[in-house]
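Chemist: I would like the atomic coordinates for the input below:
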Amino acid sequence: MSFHFWRRILTGRFYGDTTYTNLGEKADSNGEAIIANYFNKNCIKYEMHKYISLTRGYSKATLLSPDFYLPEHDIYVEYFGLIGKKDYLKHMKYKMALYHNNGIKFIPIYPSNLEKLD
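Modeler: Modelled structure (predicted):
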């Protein structure tokens, strides 16, 4: 059996599988599709995976592709769907530090938040 099959069985998640929103947009996970559908249902304008350039340290820059950008609010939304997985906390803290150090507003969303987005 394939790695992807066992990943699905062990995690109960289908992260990395192409999923679609109600509007037919590609999402990286079921969680992202749920969030996009919530935004659509509530008439919240968003852009998915809009690249932004952020500073890392004094002169280094990095490109980041946040899950969502809400242009009417000038805020980014990150879905941290793999929380609890090995090494993911390090990745999550890195992203949070990039946002904080660049003065960018963002909202983190976790799997436990998906049932109560209102």
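Chemist: from Tyr20, how far out is Met92?
Modeler: 25 Å (Cβ to Cβ, to the nearest Å). For every residue, glycine as well, the C-beta is placed using N, CA and C.
Chemist: now do the strands in this protein.
Modeler: All strands of the chain, identified by DSSP state E, fall at 19-20, 26-27, 47-48, 52-56, 60-64, 68-70, 75-79, 106-109.
Chemist: which strands and helices sit next to the fourth one?
Modeler: The contact analysis (3 or more Cβ pairs under 8 Å, 6 or more residues apart in numbering; DSSP states H and E) places strand 52-56 against strand 60-64, helix 88-101.
Chemist: what of the fifth one?
Modeler: With contacts defined as 3+ Cβ pairs under 8 Å, 6+ apart, the packing partners of strand 60-64 are strand 52-56, helix 88-101.
Chemist: partner strands of it, with direction?
Modeler: The pairing partners recorded for strand 60-64 under DSSP bridges are strand 52-56 (antiparallel).
Chemist: could you do the last one as well?
Modeler: Strand pairing for strand 106-109, using DSSP bridges, gives strand 75-79 (parallel).
Chemist: now swap in the first one and tell me
Modeler: The strands beside strand 19-20 in its sheet (DSSP bridges) come out as strand 26-27 (antiparallel).
Chemist: which of the helices and strands packed on strand 60-64 sits closest to Glu32?
Modeler: Proximity to Glu32 (Cβ to Cβ) singles out helix 88-101 among the helices and strands packed on strand 60-64, at 14.9 Å.
Chemist: roughly how far out does the closest one sit from the chain middle?
Modeler: Relative to the centre of its chain, helix 88-101 is centred 12 Å away, using Cα atoms, centre = their mean, to the nearest Å.
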